[in-house]
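1. Structural data only, the sequence is not supplied:
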Ligand SMILES: [Fe+2]
Ligand SMILES: [Fe+2]
């Protein structure tokens, strides 16, 4: 039953990622970025046709995570600074965000994802042996499976529990998802990103963000995104989303060589950012 259920969901995801999620411009952008020899000029030319996307790319390049001195005003500089893979992630995030009704719950979910991304980036910089840009991107997309589910729920009138499931956290959430859709949102997120040919560095931590076991993944990012998600439950109850801090998080935290002092300094960073994140997502 589980296998046939998974096949149904995989099939839905395939249709979903091919169809209207991406506007013509956004689809062209994702495709061009996937080509090895894409140039900054080509990418800028495509983004220019989508004013909302242009504004968001410049806004993200100015976020404290990148730490770029001075203000980034031009799209060219923003594209160079954030990098192509990152751009693909932002594009996808914006498309998915824009595709769903702009309810407070979904805006809250993206604000949660953006904060997890910032935390993952900071943690990666602190650990020093993993790529912080990939950490940010994986954090930004870690709950993309939840958006995929919202779309599937909307198309299946029999699934009336979507609002109730959306409020759950941690293990309870995963169980409810498996009961209704045969897989959880981390698995759905993995399939979705695979269907869009994302790099393994990003897919692995998304697929294991609720249960890494002993795995650190090929890029070492699995525990980073796992901890970033859990920390939301500790530091930011309003933007905690589906994240909660457990004994397992504490164990992984210590195994990564992090100390309780690190927790506090990371928490302060997020507290400084929270107001601007709320404004950005209109919460
Ligand atoms: Fe999650
Ligand atoms: Fe999450």
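-> The structure has been received and is ready for your questions. Since the model is a prediction, treat every value here as computed from it, not as a measurement. Ligands and ions are numbered 1, 2, ... in the order given.
2. wait, what's in contact with the nearest residue to residue 49 once chain neighbours are set aside?
-> Closest residue in space to residue 49, ignoring its immediate chain neighbours: residue 25 at 5.0 Å, by C-beta to C-beta, 6 or more residues apart in numbering. From N, CA and C alone the C-beta is placed, and that goes for glycine too. When contacts are counted by C-beta atoms under 8 Å, 6 or more residues apart in numbering, residue 25 is found next to 46, 47, 49, 50, 53.
3. tell me which element residue 25 is part of?
-> In this assignment (DSSP states H and E), residue 25 forms part of helix 24-34.
4. Distance from the chain centre to the following helix or strand past that helix, please.
-> Using DSSP H and E, the helix or strand that follows helix 24-34 towards the C-terminus is helix 40-48. The gap between the average C-alpha position of helix 40-48 and the chain average comes to 23 Å, counting by C-alpha atoms, centre = their mean, to the nearest Å.
5. distance of the residue nearest to residue 49 from residue 268?
-> 39 Å (C-beta to C-beta, to the nearest Å).
6. element containing residue 262?
-> With DSSP H and E as the test, residue 262 turns up in helix 260-280.
7. for residue 229, same thing?
-> helix 222-235.
8. so does the next helix or strand after that helix get close to ligand 2?
-> Secondary structure here is assigned by DSSP H and E; on that basis, the next helix or strand after helix 222-235 toward the C-terminus is helix 247-255. No - Helix 247-255 lies apart from ligand 2 when judged by C-beta under 5 Å from the ion; the minimum separation is 12.9 Å.
9. Begin at 292, not 1, for the rest of this chat.
-> Yes, from this point I'll number from 292; that puts the last item at helix 538-546.
10. starting at the chain centroid, how far to helix 538-546?
-> For helix 538-546, the separation from the chain centroid amounts to 22 Å (computed by C-alpha atoms, centre = their mean).
11. how big is the angle separating the helix holding residue 553 from helix 513-526?
-> Angle of helix 551-571 versus helix 513-526, following axes from the mean of the first three to the mean of the last three C-alpha atoms, to 10 degrees, is 80 degrees.
12. quick one: contacts of stretch 333-346?
-> Outside stretch 333-346, the residues that touch it by C-beta under 8 Å, 6+ apart are 314, 316-317, 319-320, 323-324, 348, 366-367, 370, 375, 378, 382, 385, 389.
13. tell me the two of those residues that are most distant?
-> The largest distance within the contacts of stretch 333-346, taken as C-beta to C-beta, falls between 367 and 389 and amounts to 23.8 Å.
14. Please work out the residue of the stretch 442-574 of the chain nearest to ligand 1 and name it.
-> When scored by C-beta to the ion, the stretch 442-574 of the chain has residue 533 as its residue closest to ligand 1, at 4.4 Å.
15. contacting residues for that residue?
-> When contacts are counted by C-beta under 8 Å, 6+ apart, residue 533 is found next to 403, 434, 437, 459, 460, 461, 464, 520.
16. Pop out the phi and psi values for it.
-> Per-residue torsions, residue 533: phi -100, psi 10 (degrees, to the nearest 10).
17. Ignoring the adjacent residues along the chain, who's closest to the closest residue to ligand 2 within the stretch 292-441 of the chain?
-> Among all residues of the stretch 292-441 of the chain, residue 434 sits closest to ligand 2, at 4.3 Å; criterion: C-beta to the ion. With C-beta to C-beta, 6+ apart as the criterion, residue 434 has its nearest non-adjacent residue at 5.4 Å, and that residue is residue 404.
18. which residues sit in contact with that neighbour?
-> Under the criterion of C-beta under 8 Å, 6+ apart, the contact list for residue 404 reads 384, 430, 431, 432, 433, 434, 532.
19. in the host helix or strand of it, what's buried?
-> Residue 404 belongs to helix 395-418 when elements are defined using DSSP H and E. Neighbour-count burial for helix 395-418, with 16 or more other C-beta atoms under 10 Å as criterion, is recorded at 397-415, 417-418.
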